[in-house]
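Undergrad: turn this into a model:
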Amino acid sequence: ATDEKQKVKQLAKRMARLLYLQAAGIADNGIRQATEKWARKSESASGINAILAATEHEPQIPVSALELDQHTYLLNCLNGVLDLTSGQLRPHSRNSRDLLITKLCHAEYDPGAKCPRFLEFLERIMGGNLDAEMDARTAGRIGFLQRAFGSALTADVSAKAVFCFFGGGNNGKSTLLEAY
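TA: Have a look, this model is predicted:
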């Protein structure tokens, strides 16, 4: 595809300009000056053209938007890629970059993690009595919420569902959505 608006060139320029920011954070004067010199060279027309020429035929550079996020049940976590169908966590690797997953869950997957405070919160907002055993109605509501949020982690849209949170104020809707 033709890059009519020169977006790739603009990205290369932005990358070159980021070198200046990186240089500013370098304490060693000699290394900082060398990095600034490299930034100036990279930002020049010949530097930008060299960047574009060097990357133009790299096998992983040209990617169609249709190739992105094609793995319905894979969730990219901080500590690996989680297969939501098997519960298996694959380590991040050179091959996992080939998956072209653009989203990241900003948490580490821990299969043994416990969340008693969150479960207590769910019971409270779903109308449970915290001083008694959970009744079937509250358990059903919590199960529904868990399935709804669980399905939102996938790219599976076959259920064709939209989840709307409604009700009076101060009943946990915003807290629940912010926690998610």
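Undergrad: roughly how far is the helix or strand where Arg117 lies from the heart of the chain?
TA: In this assignment (DSSP states H and E), Arg117 forms part of helix 116-125. Put simply, helix 116-125 sits 26 Å off its chain's centre (Cα atoms, centre = their mean, to the nearest Å).
Undergrad: contacts for that helix, please.
TA: If you take Cβ atoms under 8 Å, 6 or more residues apart in numbering as the criterion, helix 116-125 is touched by Leu130, Met134, Thr138, Ile142, Leu145, Asn171, Gly172, Thr175, Leu176, Ala179. All C-beta atoms are positioned from the backbone trio N, CA, C, and that covers glycine.
Undergrad: could you point out which element follows it?
TA: From helix 116-125, the next helix or strand downstream (DSSP H and E) is helix 136-152.
Undergrad: circling back to that earlier point, buried ones in the helix holding Arg117, by neighbour count?
TA: Of the residues in helix 116-125, those buried by neighbour count under the rule 16 or more other Cβ atoms under 10 Å are Leu122, Glu123, Ile125.
Undergrad: quick check: angle from it to helix 136-152?
TA: 120 degrees (axes from the mean of the first three to the mean of the last three Cα atoms, to 10 degrees).
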